[in-house]
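In: For reference, the sequence and a predicted model appear below.
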Amino acid sequence: MLFGIRMIPYGSRYLAEAVVALRRVQELLLFTEVDKQIPRPTNPLVAVEFKNAAFSWDEDTVQDHESEPLSTTQASTTLHNLDLIVEKKRLIGICGPVGSGKSALLHALIGHMVHQDGEMAVGGSVAFVGQSPWIQNLTLRENVLFGESLDKHRYYRVLSACGLTQDVNRMAANDQSEIGERGVTLSGGQKARLSLARALYSNRDIFLIDDILSSIDRSVADHIFFNAIKGLLSGKTTLLVTSDPQRLSYCDEVVYMEAGRFFDHGPHESLLSRCAEYRRFCEVAATYSASEQRLNKVFGDDEVASNSPEAPRTPKRTESESVSVTRQNGQRERTQSTLTAADSLFDIPVVVDGQVTDAEEDLGLAAMSWSVYKRYIVAAGGYAIWILLMMAFLANVSATVFSTVWLSEWIKSGHQPQMMNGSTNETVVPSLAENPRTGFFAAVYALSIAFLFITGLFKAMIFVKVSLNAASRLHNGMFERVIKGSMSFFDSTPSGRILNRFSKDMDEIDVKLPFTAEVFLQNMLTCIAYMIVIIWVFPFFLIASIPLICIFFLFVACFRAGIRSLKRSENVSRSPLFDHISATLDGLSSIHAYNQTDRFLETLKVYLDANSGAVFMFQSAMRWLAVWLDLLVVAITFITAFFIVLLTGQVEPAYAGMALAFAIQVKIY
């Protein structure tokens, strides 16, 4: 009953947390899924077809077009009044001012926008190259293949067309070099070319390319445009978003967009002659392009392959010289620089022979050093407040034991046999209420209960203060060190690892550590006090307890390393899971466009199984240890009961009952 009553607050807390978690999960499960099953055109020669189509980013903006004015309806949509037919094997240039809906149009074609009105049809498989390249934390080859089998002939043709051959040859492990999270070992232009190479290798029917050439040097962009877009994709349908009039002049048809609609479309020369807005757009774009080329001549090529996206550039160096020097400098700085405070928290990986090595999240079998405990004690407020806390625990446990001992003394005093007839030696045991000292015993017992309540409240207040101080200071300290971390730290530390530190690991410090520490201190002191009382009642129990104590420490020594390793394995297995979820959310458009949803779900299941397996093994090990400790408690109870039977008549029944009760209660703690 005592155990059940003590578990009521914890059960209530866990139930409340479960209800909140279920409601949050329910919100995700009730999200309306966007229908990505796009119909095919009735005409087999048509690749893309729009008929008075309208799209919106959010389903909440979908309104009843019949009841709303046309101006209101258009204001609530991102794309509207789309009418266009794109024939197969044609290069379509899409242009327009900023915010005209060019990128939104490509997202609508892969089913990432809410289809409000009209019709849209797509005739074939789709490859998508976003404006912000999405790079996985894999090797360069795996990023290009993207789950498909290797066709060497097609693979090397794609690398050559995208201008990646020389970059691959400069890498330490060639195309087996690890890219790092978010492509930290590549420059911005290299990321764009790698994203395009992934699309080209997929060999789809329709290619959606969102203005990636603007982030690449002019000469490299020309190579890609003529060898990749006009070369390898010559027999494919390509929708190219670009603001370069020169590129638009090579397109079979140009679509000029304004305010979320197709303002006009047709051949480049025809649009220049009849559309003043398009002509003005080309004039502004040509002026900007000329200025950009002059800057490139002054500051040099921006395509520097290095181990840092912030690689230094020297105007007088050639591209190959810049690549070599910056790669060497990047590696030298990465391996020789002194770690900052944030780096020491995470032990950032380094690039060795093209591989991003990481020795931080190993399982580790070494025991925690005293410095770890010292850091927590200092964060909680120092040694003084911990001494005060331990005194509060001791006072509370002493009050608990004293109240039980005093109750036994009261029972013993109230049931002393009294001589009724001296001649016959008759004795009688009076009731507890007839004891003349009942008032005294009751008053002391009441005071002990009051003292127990006061010490418990005092202990709880101090412990809450200590826990909050430690959690907040450790969190603030970690946050401050991460904020002040070097750029190499953020480049090479996976975001999932940082999320793991600030989410689950901080939850361990905020919630689980205080709960576990309080239970440990309370139960440890209580068990020690109970054992002392049992030894006080039965002194010979001390001899019998020596082998039990040795067995207990043997269990702890054997299980501690394994349980510690399993717990660390559980913590470590969460980082890849967070990494995968974060990467999946970043690349959701590409994953859906390439129909890779099932593959990413299978990978997620693998990471979930690894983490769940570690959690299950940890819980099983804890339960196994608890079983052996229960056997020890059974032995303690048996020995206590044996002494009661053996010493019948020599030990007061009240004390014997108290000792047996304490022996049984050890199991609860």
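Out: All right, it came through fine. Numbering: from 1, shown residues only.

In: any chance you could map the helices in the stretch 1-150 of the chain?
Out: 2-29, 70-76, 102-109, 140-145 (DSSP state H, counting those that start in this stretch).

In: CA-only coordinates of the last one, as CSV, when you get a sec.
Out: The C-alpha coordinates for helix 140-145 follow below in CSV (Å, rounded to 0.1, in the frame of the first residue of the first chain):
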residue,chain,number,x,y,z
LEU,A,140,29.6,12.2,-53.5
ARG,A,141,28.8,9.1,-55.5
GLU,A,142,25.9,8.2,-53.2
ASN,A,143,24.5,11.7,-53.6
VAL,A,144,24.5,11.4,-57.3
LEU,A,145,23.1,7.9,-57.4
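
In: Begin at 361, not 1, for the rest of this chat.
Out: I'll keep to 361 as the first residue from here, and by that count the last item is helix 500-505.

In: What are the buried residues along that helix?
Out: Residues of helix 500-505 classed as buried: 500-501, 503-505 (neighbour count, 16 or more other CB atoms under 10 Å). C-beta coordinates here come from the backbone N, C-alpha and C atoms, glycine included.

In: what would those residues look like in CSV with distance to His628?
Out: Below are the buried residues of helix 500-505 laid out as CSV (distance: CB to CB, whole Å):
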residue, distance to His628
Leu500, 36
Arg501, 37
Asn503, 34
Val504, 32
Leu505, 36
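
In: For those residues, could you give me TSV that also reports pLDDT and distance to Tyr370?
Out: Below are these laid out as TSV (pLDDT from 0 to 100; distance: CB to CB, whole Å):
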residue	pLDDT	distance to Tyr370
Leu500	90	51
Arg501	91	51
Asn503	90	48
Val504	92	52
Leu505	93	50
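
In: For the residues you listed, which two are the farthest from each other?
Out: Among the buried residues of helix 500-505, the pair separated by the greatest distance (CB to CB) is Leu500 and Leu505, at 9.8 Å.

In: and the closest residue to Leu749 other than its chain neighbours, how many residues sit next to it?
Out: Among residues not flanking Leu749 along the chain, Ile822 sits closest, at 4.9 Å (CB to CB, 6 or more residues apart in numbering). Residues contacting Ile822 under the criterion other CB atoms under 10 Å number 19.

In: Just to check, Ile822 is in contact with Leu748?
Out: Yes - counting by CB atoms under 8 Å, Leu748 is a contact partner of Ile822 at 6.3 Å.

In: Secondary structure element holding Asp527?
Out: Using DSSP states H and E, Asp527 sits within helix 525-530.

In: Next secondary structure after that helix?
Out: That would be, after helix 525-530 and using DSSP H and E, helix 548-562.

In: That next one - contacts with which helices or strands?
Out: Applying 3 or more CB pairs under 8 Å, 6 or more residues apart in numbering; DSSP states H and E, one finds that helix 548-562 makes contact with strand 486-489, helix 500-505, helix 512-521, strand 566-570, helix 578-584.

In: right, and the ones you listed - which one's nearest Leu754?
Out: Set against Leu754 and scored by CB to CB, the helices and strands packed on helix 548-562 come closest in helix 500-505, at 59.5 Å.

In: and the closest one, what does it pack onto?
Out: Here helix 500-505 touches helix 512-521, helix 548-562, going by 3+ CB pairs under 8 Å, 6+ apart.

In: ok, now with 6 Å
Out: In terms of contacts (3 or more CB pairs under 6 Å, 6 or more residues apart in numbering; DSSP states H and E), helix 500-505 is packed against helix 548-562.

In: The helix it packs on versus strand 566-570: what angle between them?
Out: On the basis of axes from the mean of the first three to the mean of the last three CA atoms, to 10 degrees, helix 548-562 is oriented at 170 degrees to strand 566-570.

In: rewinding a little: mind checking which of the helices and strands packed on helix 548-562 is nearest Glu447?
Out: The nearest among these, by CB to CB, is strand 566-570 at 11.6 Å.

In: Sheet-wise, list the partners of that closest one with their directions.
Out: Strand pairing for strand 566-570, determined by DSSP bridges: strand 486-489 (parallel), strand 597-601 (parallel).

In: Need those strands in a markdown table (columns: distance to Phe913).
Out: Listed next are the strands paired with strand 566-570 as a markdown table, based on distance: least, CB to CB, whole Å:
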| stretch | distance to Phe913 |
| --- | --- |
| strand 486-489 | 62 |
| strand 597-601 | 70 |
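
In: So which of these is nearest Ser848?
Out: Nearest of the strands paired with strand 566-570 to Ser848, taken as CB to CB: strand 486-489 at 28.6 Å.

In: neighbouring contacts of that closest one?
Out: Strand 486-489 has contacts (CB atoms under 6 Å, 6 or more residues apart in numbering) with 470, 555-556, 559, 562, 564, 566-569, 572, 949-950, 953.

In: Now for the residue nearest to Pro399 when sequence neighbours are not counted, how many residues are close by?
Out: Spatial nearest neighbour of Pro399, excluding adjacent residues (CB to CB, 6+ apart): Ala481 at 5.1 Å. Ala481 has 18 neighbours, counted by other CB under 10 Å.

In: Distance check, Ala481 against Ala533.
Out: Computed as CB to CB, to the nearest Å, the Ala481 to Ala533 distance reads 44 Å.

In: ditto for Leu556
Out: Using CB to CB, which is the criterion applied here, Leu556 is 22 Å from Ala533.

In: and if you look at Phe898?
Out: Going from Phe898 to Ala533 by CB to CB gives 71 Å.

In: Comparing the two, which shows the higher neighbour count?
Out: Ranked by neighbour count (other CB under 10 Å), Phe898 and Ala533 place Phe898 first, with 23 against 16.

In: I'd guessed that one sits against Ile1004; true?
Out: No - using CB atoms under 6 Å, Phe898 is not in contact with Ile1004, being 8.1 Å away.

In: Name the nearest residue to Ser520, ignoring sequence neighbours.
Out: Leaving out its chain neighbours, the residue that sits closest to Ser520 by CB to CB, 6+ apart is Asn587, at 7.2 Å.

In: which stretches of the stretch 361-510 of the chain aren't confidently modelled?
Out: Along the stretch 361-510 of the chain, the parts satisfying pLDDT under 70 run over 361-363, 394-396, 419-437.
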